[in-house]
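A.B. asks: the sequence and its predicted three-dimensional model are supplied below.
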Amino acid sequence: MIEAAIVGAGPYGLSIAAHFRRKALSFRIFGPPMDSWLTHMPKGMMLKSDGFASNLSEPNGRMTLKEFCQERGIPYADTKLPVSLKTFTEYGLAFKERLLPELENKTVAIVERMGDGFRLTLEDGESLRARAVILAIGITHFAYIPESISHLPEEFVSHTYQHQEVDAYKGCKVIVIGGGASAIGLAGLMRSAGVDVHLLVRENELKFHGQPGDKPRTLWQEIRHPKSGLGPGLRSHFCANFPQLFHMLPEKLRIEAVRRHLAPSGHWVSKEAVLGKVPLMLGCMVQSSEVRNGKVMLHVRHRDGSVQHVEADHVVAGTGYQVNLDRLKFLAPDLRKQIRTVEGSPVLSRKFESSVPGLYFVGLASANSFGPVMRFTYGAEFAAKNLTQTISKAAAMGHAMAPVRQNVQIEELRRS
């Protein structure tokens, strides 16, 4: 039995595995490396986080994005230069190649509870046992499509998560729903690729991140709006740097803070590509939809109560992600039922452990427990250090108890 199995090989899974390797913990890590970023993000996209906040975590603080860019001759800046998807995915793959050559590009088919640990069955039929399972699955299973359009046939509706190639709908009319970075960014990229794209947003105006200025910040600005891995501001600074304190807040306050903090907004790079170029429908939402004569008909309600009927060839939901453990079909049904949840997310201890001993969640699934930082790569270091300490202690205790268990077994054999 190994100490831990890590399911998922994105920024969180890779960071945790790197720390485990440094501690010589017995583990295996499964999944295509950087899969969500490589196959489910549109080419040409820019990361929402700054360069200094986009590092995977290596125990000695090395193999940073900055070091990688310097090695490859790629332009880099901590804050003033956006990080491209291409650069970030190449960095993640280089991190894997250099630090985790043992990563197994395999899919876990099922995870079951067994005795004092878990049994994992892989897609190729191999079975293994682990004392702990760490789910670092990111956003893979949690794309959210509103009910008003979710019933449409799949050829008429999709999620931003499904669009790697932005020119697939060239010459078609596409409506992108949402006012966040994914929706705005995809709309801008589609427009540049020749797609007749329109953006439908609930709010009365589009919001964008502020572009970093060239002037040095004053002392008052540093105090009033300190920089952080989640952007400037006292709340962002608290969420980015004190996830353990965030965990101590009342549950309702935590969930509300995750829901409200960092409201949907576009990357400052997308502003020029969208404003004045992509037709906007602001202050409205889709009430219902249907397919008529090979087209999607959206019934859109405006804030003044009026209803507009909008026709399109395809609709893209840029409506974010919602954690729902029922979507994790690789977890055995009886195991899923044992996990305590609130609003679809697992309730986690300060060690990232769920109500099932030995089963841990990191990344997006842990945001309601540790704050919005868990929705970003910046949270990977905290998660990696926390879990390494937890699993190391559990391993030490297990080794200490091994002779006792062996003696008990020998005594039982003697009696029999």
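C.D. replies: Everything's here; your move.

A.B. asks: going forward, measure contacts between C-alpha atoms and count neighbours the same way
C.D. replies: Noted.

A.B. asks: in the stretch 101-250 of the chain, which spans are strands?
C.D. replies: Assigned strands in the stretch 101-250 of the chain, in chain order: 108-114, 117-122, 127-135, 157-159, 173-177, 196-200 (criterion: DSSP state E, counting those that start in this stretch).

A.B. asks: rebuild those as a markdown table, extending it with mean neighbour count, distance to residue 215 and mean pLDDT.
C.D. replies: Shown next, in a markdown table, are these (neighbours: other C-alpha atoms under 10 Å; distance: least, C-alpha to C-alpha, whole Å; pLDDT from 0 to 100):
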| stretch | mean neighbour count | distance to residue 215 | mean pLDDT |
| --- | --- | --- | --- |
| strand 108-114 | 18 | 50 | 97 |
| strand 117-122 | 20 | 54 | 98 |
| strand 127-135 | 21 | 43 | 98 |
| strand 157-159 | 21 | 39 | 96 |
| strand 173-177 | 25 | 36 | 97 |
| strand 196-200 | 24 | 34 | 97 |
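
A.B. asks: need those strands in TSV (columns: distance to residue 377).
C.D. replies: Converted to TSV, those look like this (distance: least, C-alpha to C-alpha, whole Å):
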stretch	distance to residue 377
strand 108-114	23
strand 117-122	27
strand 127-135	15
strand 157-159	22
strand 173-177	25
strand 196-200	27
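
A.B. asks: do you know which of those lies nearest residue 36?
C.D. replies: Ranking these by proximity to residue 36 (C-alpha to C-alpha) places strand 157-159 first, at 13.2 Å.

A.B. asks: list the neighbouring strands of the closest one plus their orientation.
C.D. replies: Using DSSP bridges, strand 157-159 pairs in its sheet with strand 314-317 (parallel).

A.B. asks: would you mind listing the buried residues in the strand it pairs with?
C.D. replies: Under the neighbour-count criterion of 16 or more other C-alpha atoms under 10 Å, strand 314-317 has 314-317 buried.

A.B. asks: how far does stretch 91-111 sit from its chain's centre?
C.D. replies: Chain-centre distance of stretch 91-111: 17 Å, with C-alpha atoms, centre = their mean, to the nearest Å.

A.B. asks: now do the end-to-end distance for that stretch.
C.D. replies: End-to-end distance of stretch 91-111 (C-alpha to C-alpha, to the nearest Å): 30 Å.

A.B. asks: now do the buried residues in it.
C.D. replies: For stretch 91-111, the buried set under the neighbour-count rule, 16+ other C-alpha under 10 Å, comprises 91-93, 95-96, 99-100, 103, 107-111.

A.B. asks: cool, stretch 304-322 as well?
C.D. replies: For stretch 304-322, burial by neighbour count (16+ other C-alpha under 10 Å) applies to 307, 311-322.

A.B. asks: run the chain-centre distance for it.
C.D. replies: Averaging C-alpha positions (C-alpha atoms, centre = their mean) puts stretch 304-322 24 Å from its chain's average.

A.B. asks: so for it, what's the average pLDDT?
C.D. replies: Per-residue pLDDT values over stretch 304-322 give a mean of 95.

A.B. asks: distance between the ends of it?
C.D. replies: 29 Å.

A.B. asks: so what touches that stretch?
C.D. replies: Contacting residues not belonging to stretch 304-322 are listed as 139, 142-146, 155-160, 172-180, 182-183, 294-302, 344 [C-alpha atoms under 8 Å, 6 or more residues apart in numbering].

A.B. asks: can you check stretch 53-61 too?
C.D. replies: Here stretch 53-61 makes contact (C-alpha under 8 Å, 6+ apart) with 11-12, 14-16, 18-19, 22, 63-65, 92, 95, 229-230, 377-378, 380-381, 384.
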